[in-house]
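Asks: model this:
(chains A and B)
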Protein chains: 2
Amino acid sequence: FFSPVMTNTITEDIEVLVFLPKNNSYLFSHTRVAPAILYAQQRLKAEGGQYSGFHFNIQFENSDCVNNAFLTLVDRCGQKPDLILGPVCEYEAASTVRLASHWNIPVISAGALAAGFSDKSTEYSHLTRIAPSYVKMAETFTAIFEHFTWKRALLLYEDDAQERNCYFTLEGIYHLMTDFNFNSLAVSPDNRPDMDDILQRIYENEVVIMCMGADRIRDIMLAAHRQQLTNGNHLFFNVELFNSSSYGNGSWRRGDKYDNEARQAYTSLNTVTLLRTTKPEFENFTLEMKKSVEKARFPDCKDCESINMFVEGFHDAILLYAIALHEAMKNGFTKKNGSEITLRMWNRTFEGIAGQVSMDVNGDRNGDFSLMSMTNAEEGTYEVVANYFGANGTFQLLPGFNIDHFTLKVRQPPITEIQDKSC
Amino acid sequence: FFSPVMTNTITEDIEVLVFLPKNNSYLFSHTRVAPAILYAQQRLKAEGGQYSGFHFNIQFENSDCVNNAFLTLVDRCGQKPDLILGPVCEYEAASTVRLASHWNIPVISAGALAAGFSDKSTEYSHLTRIAPSYVKMAETFTAIFEHFTWKRALLLYEDDAQERNCYFTLEGIYHLMTDFNFNSLAVSPDNRPDMDDILQRIYENEVVIMCMGADRIRDIMLAAHRQQLTNGNHLFFNVELFNSSSYGNGSWRRGDKYDNEARQAYTSLNTVTLLRTTKPEFENFTLEMKKSVEKARFPDCKDCESINMFVEGFHDAILLYAIALHEAMKNGFTKKNGSEITLRMWNRTFEGIAGQVSMDVNGDRNGDFSLMSMTNAEEGTYEVVANYFGANGTFQLLPGFNIDHFTLKVRQPPITEIQDKSC
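Replies: Down below sits the predicted model:
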């Protein structure tokens, strides 16, 4: 009487609480991300597969990147949801995940990327991170530093002392690369930075890893260029995780009188960014997301046609949860067993909207990253010169890669040491 | 029929939730502090005054300095207390106070001393701090720096990356003294510090403010002494808020072969500590506390006979709450109006167990602090040479104060500038 597919179908109502900012200034605002979650919900149902019996009742609540998600959840103490998606912002996620874990509710976020969330042993036990964390990004720097046998670097970042994205981004490097020697310099986004101090610190270091706004990066690169710090004695890296599509166009260009100088300076600047894949289904997803954003009358949305990692991640969160819940229920557990479902989301690879999604044993998504460099100094154009694949830890050099570009012209180049050994 | 006192008596049951560590390693452990709270409760009743109609039902819960207080409170969402005392530890207090404020419950703590809690505008709106915060301590350094027209200093501290007491202590200085130029150096308590680095940083600075364990302070002072950094070119300060009674005995002394050197080194070391007052009633309180601790079979309790600021503070918390609740109820508010009661605890001076307690308009206790210096280099004995009184901001020099001791023998001494002006 039942088809094989039908025997696998399990019926269940799932209460989902989603925390996304109503404020449109975020890459992960409700307007941008909510359609992706609804898309996943509807696709699961429409496809009629083994997850089509799951009825996701999705309630969206505002996230203000401070405390709103936490307070909304706390007031649900008499009526707890089965699944929480978000929040993205670190501090808001910390308090929310802590409470959800205590209440045995799984949380999936495409944010909460800071190193502190890696410790799932106690207060973040129910957190699954569906986007690559900053520590995953840092694996790319480990691969780069090991490849070039670099030992130390300056971490230069903008710190707003509020959401602290750049602080947490470079903290991932500091957290993971404990065998390396880092010193760090924070600049406030509100004040003009002390450029003399920055240049002095760059001078003292050969490798500089930066995280800050594109305009400030350009100011620093121009200042460094004028001090002859971009002629091969120093190498600069910029971490640009979420706006990759705009970067390759050449962010040195502003149409002002400094463009020429900036292009020259940027020959020393390399960018680490997310490696994004797509597949045919992704086209339809992109189209639908674009329509939704347009329908939401979100006219000043920069870059809205491109799907960022938050949009993609929260879509895939629904799929991952469905897989894990289905498996848990087939094994006799209920949707209320949050820790059981959480563990079944970890150490698992599944097909996401844009390609394979690989979750590590700690419930954090493995990340693939690209290293971009200027390969045509005349045109000032960038290319991906290397890729890092997190699932197996490989660092792949591409044809555009040029070893000279990454060889520091220093008083005691590391090359010498290697030659000494071969003598 | 009623005496004037009786007409003022208001009867009310008050549910109090107290968060203190069962772990005896803390100065604010349950064993040490709980008797003080019970003492205050019983005294209010026994004295038969206008607060004798208040029945405090006190429930003690464990605080683990991580998350326990918060999780205990969250699970009381159906049965909220009227008043919360503690927690002391910064991170645990942050989440607990945030939730209590959301639930309109007053929190009084002799901890939560970090600068972040000073902002009562949103998430810490219901917090009253009954012990002087680190920012209050920093006022003393402002007074000292202004007195000697110093502009800059090195902040040198031990950071355990867990409870971070010394980090938060010196952060108070950094937070308050924004017109001064500070640079900071953190050392881990787990590893041997890089003494060369520390000495280099001391060399570059004239004034050094330290917060770390007594043994490590001694190691640094000895190393500085051997590098001729204690001969008047540099001045050292040590912040020692809670163990003041032990300090004056001369913590340079260890009975080892370095005592003589250490005594010489410590001529350059000054200590900022809490100024404590006592009054006759305090004697009985001290006696009762001692009995309670003995009864609790707490044999290895160091310094248990002396009442620290946590013990005193949590005692006074009950008094302050009683005063505010009484006033609120007389004005027609109920005990459930947490914000009303909280505001009535602020901007108020009352008689605590050890003397007058002055709360500022922001609900933080004003602090009095002492500056101690070695006044007899032969004997290596210390004396209080100046006091800072927080309520009115006065800095008082005492007879033991010697200007030469605080005059830096530098290339360009600040003295010259002052003389130039008088010419």
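
Asks: OK, contacts around the residue nearest the centre of chain A?
Replies: The residue lying closest to the centre of chain A (Cα atoms, centre = their mean) is A:Pro132, at 5.0 Å. When contacts are counted by Cβ atoms under 8 Å, 6 or more residues apart in numbering or on different chains, A:Pro132 touches A:Leu113, A:Leu274, A:Met309, A:Asp364, A:Arg365, A:Asn366, A:Gly367, A:Asp368, A:Phe369, A:Gly390. To be clear about C-beta, it is placed using only N, CA and C from the backbone, and glycine gets the same treatment.

Asks: Return the backbone torsion pair for the third one.
Replies: Read that as A:Met309. With angles defined as degrees, to the nearest 10, A:Met309 sits at phi -60, psi -30.

Asks: From B:Gln264, how far off is A:Val208?
Replies: 44 Å (Cβ to Cβ, to the nearest Å).

Asks: hang on, I meant A:Glu90
Replies: From A:Glu90 to B:Gln264 the distance is 48 Å (Cβ to Cβ).

Asks: How about A:Phe180?
Replies: 40 Å.

Asks: For the residue in chain A positioned nearest to chain B, which non-adjacent residue is closest in space?
Replies: In chain A, the residue that lies nearest chain B is A:Cys77 (3.8 Å; Cβ to the nearest Cβ). In this structure, A:Cys77 finds its nearest non-sequential neighbour in B:Cys77, 3.8 Å apart by Cβ to Cβ, 6 or more residues apart in numbering or on different chains.

Asks: what's near enough to touch that neighbour?
Replies: B:Cys77 touches A:Val74, A:Cys77, A:Gly78, counting by Cβ under 8 Å, 6+ apart.

Asks: With A:Met221 instead?
Replies: By Cβ under 8 Å, 6+ apart, the neighbours of A:Met221 are A:Thr230, A:Phe236, A:Trp252, A:Ala262, A:Ala265, A:Tyr266, A:Ser268, A:Leu269.

Asks: And the closest residue to the first one other than its chain neighbours, how far from B:Val361?
Replies: If you skip the residues right next to it in sequence, A:Thr230 has A:Ser268 as its closest partner in space, 4.2 Å away by Cβ to Cβ, 6+ apart. Relative to B:Val361, A:Ser268 is positioned 53 Å away (criterion: Cβ to Cβ).

Asks: the more surrounded of these two?
Replies: A:Ser268 (22 against 10; other Cβ atoms under 10 Å in any protein chain shown).

Asks: partners of the helix or strand containing A:Glu61 in the sheet?
Replies: Using DSSP states H and E, the element containing A:Glu61 is strand A:54-62. Using DSSP bridges, strand A:54-62 pairs in its sheet with strand A:12-20 (parallel).

Asks: so after the strand it pairs with, what's the next helix or strand?
Replies: Heading C-terminal from strand A:12-20 (DSSP H and E), you reach helix A:30-46.

Asks: now that next one: how far from the chain's centre is it?
Replies: 20 Å (Cα atoms, centre = their mean, to the nearest Å).

Asks: show me where the stretch 101-250 of chain A has helices.
Replies: For the stretch 101-250 of chain A, applying DSSP state H, counting those that start in this stretch gives helices covering A:134-147, A:165-176, A:195-204, A:214-226, A:244-247.

Asks: Now for the closest residue to A:Ala186 other than its chain neighbours, how many residues are close by?
Replies: With sequence-adjacent residues excluded and distances taken as Cβ to Cβ, 6+ apart, A:Ala186 is closest to A:Asp159, at 4.3 Å. Residues near A:Asp159, counting by other Cβ under 10 Å, number 20.

Asks: ok, A:Asp159 touching A:Asn191?
Replies: No: using Cβ atoms under 8 Å, A:Asp159 is not in contact with A:Asn191; the gap is 11.6 Å.

Asks: Would you mind listing the residues in contact with the residue nearest to A:Trp346 when sequence neighbours are not counted?
Replies: Here the nearest residue to A:Trp346 in space, its sequence neighbours aside, is A:Gly363; by Cβ to Cβ, 6+ apart that works out to 4.0 Å. The neighbours of A:Gly363, taking Cβ under 8 Å, 6+ apart as the test, are A:Lys120, A:Leu127, A:Thr128, A:Arg129, A:Thr342, A:Met345, A:Trp346.

Asks: okay, those residues in TSV with neighbour count and pLDDT next?
Replies: Shown next, in TSV, are the contacts of A:Gly363 (neighbours: other Cβ atoms under 10 Å in any protein chain shown; pLDDT from 0 to 100):
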residue	neighbour count	pLDDT
A:Lys120	20	97
A:Leu127	27	98
A:Thr128	24	98
A:Arg129	28	98
A:Thr342	24	98
A:Met345	23	98
A:Trp346	16	98
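
Asks: Which ones among the residues you listed map onto strands?
Replies: A:Leu127, A:Thr128, A:Arg129 (DSSP state E).

Asks: returning to what we had before: part of a helix, is the residue of chain A closest to chain B?
Replies: No: secondary structure of A:Cys77 (DSSP: H, G, I helix; E, B strand; the rest coil): coil, not part of a helix.

Asks: Any chance of the backbone angles for it?
Replies: The phi/psi pair for A:Cys77 (degrees, to the nearest 10) is phi -60, psi -20.

Asks: okay, it: pLDDT?
Replies: A:Cys77 is assigned 91 on the pLDDT scale.

Asks: Between the two ends of stretch A:335-348, how far is it?
Replies: 19 Å (Cα to Cα, to the nearest Å).

Asks: CA atoms only: put the helix or strand that contains A:Phe70 into CSV for me.
Replies: A:Phe70 is part of helix A:68-74 when elements are defined by DSSP H and E. Once non-C-alpha atoms are left out, helix A:68-74 reads as follows in CSV (Å, rounded to 0.1, in the frame of the first residue of the first chain):
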residue,chain,number,x,y,z
ASN,A,68,16.8,41.2,21.8
ALA,A,69,17.1,37.5,20.7
PHE,A,70,18.1,36.5,24.2
LEU,A,71,15.2,38.4,25.9
THR,A,72,12.7,37.1,23.4
LEU,A,73,13.8,33.6,24.1
VAL,A,74,13.8,34.0,27.9
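
Asks: can you give me how far that helix is from the chain middle?
Replies: With Cα atoms, centre = their mean, you get 24 Å for helix A:68-74.

Asks: what do you get for stretch A:311-328?
Replies: On Cα atoms, centre = their mean, the centre of stretch A:311-328 falls 18 Å from that of its chain.

Asks: Same question for it: list its buried residues.
Replies: By neighbour count, and taking 16 or more other Cβ atoms under 10 Å in any protein chain shown as the criterion, the buried residues in stretch A:311-328 are A:311-326, A:328.
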